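Asker: no sequence for this one, just the structure:
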């Protein structure tokens, strides 16, 4: 009889510990998601508060100022129809698109990156962040932005 009671208590203890760990894991996951949401909300609210102000070079990170790799260029696709790209009107103000080869390096729901080359030399990079319609045109020779603005 004592063995049965001991085994029953042991099984109960194991079940309680296992359930407790699952709850803690779920709580940790929920807390991490809450923190990510708060960070996104803070970022969005600071972006919204800055929407009346001009967007500066600080909007461009150091990685965007660098040319892409040769592998990325060879894997990139050529744009089929320039009219499909909302940022192209803005690009044409500073870049003679007809005299450059265009390489769409990235085009996913969040961002589009196009490299403009001439004689196999990367001259410009355009970055269009789709969720907030932020356009960046970067002169890769000077490693500095030509334009950073919202496109409507």
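Answerer: It's in. Not measured: the values here are computed from a predicted model.

Asker: going forward, measure contacts and count neighbours with C-alpha atoms only.
Answerer: Fine.

Asker: what's the mean pLDDT across the strand or helix carrying residue 12?
Answerer: Take DSSP states H and E as the rule and residue 12 turns out to sit in helix 2-49. Average pLDDT, helix 2-49: 60.

Asker: stretch 63-75 too?
Answerer: What stretch 63-75 shows for mean pLDDT is 87.

Asker: off-centre distance for it?
Answerer: Centre-to-centre, stretch 63-75 and its host chain are 16 Å apart (Cα atoms, centre = their mean, to the nearest Å).

Asker: what of stretch 64-82?
Answerer: Taking Cα atoms, centre = their mean, one finds stretch 64-82 lying 17 Å from the centre of the chain it belongs to.

Asker: and it, which residues are buried?
Answerer: For stretch 64-82, burial by neighbour count (16 or more other Cα atoms under 10 Å) applies to 64-68, 73, 76.

Asker: how about a markdown table for these, with secondary structure and distance to residue 125 added?
Answerer: Formatted as a markdown table, the buried residues of stretch 64-82 follow (DSSP: H, G, I helix; E, B strand; the rest coil; distance: Cα to Cα, whole Å):
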| residue | secondary structure | distance to residue 125 |
| --- | --- | --- |
| 64 | helix | 8 |
| 65 | helix | 8 |
| 66 | coil | 9 |
| 67 | coil | 8 |
| 68 | coil | 9 |
| 73 | helix | 12 |
| 76 | coil | 13 |
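
Asker: I appreciate the help and will end here.
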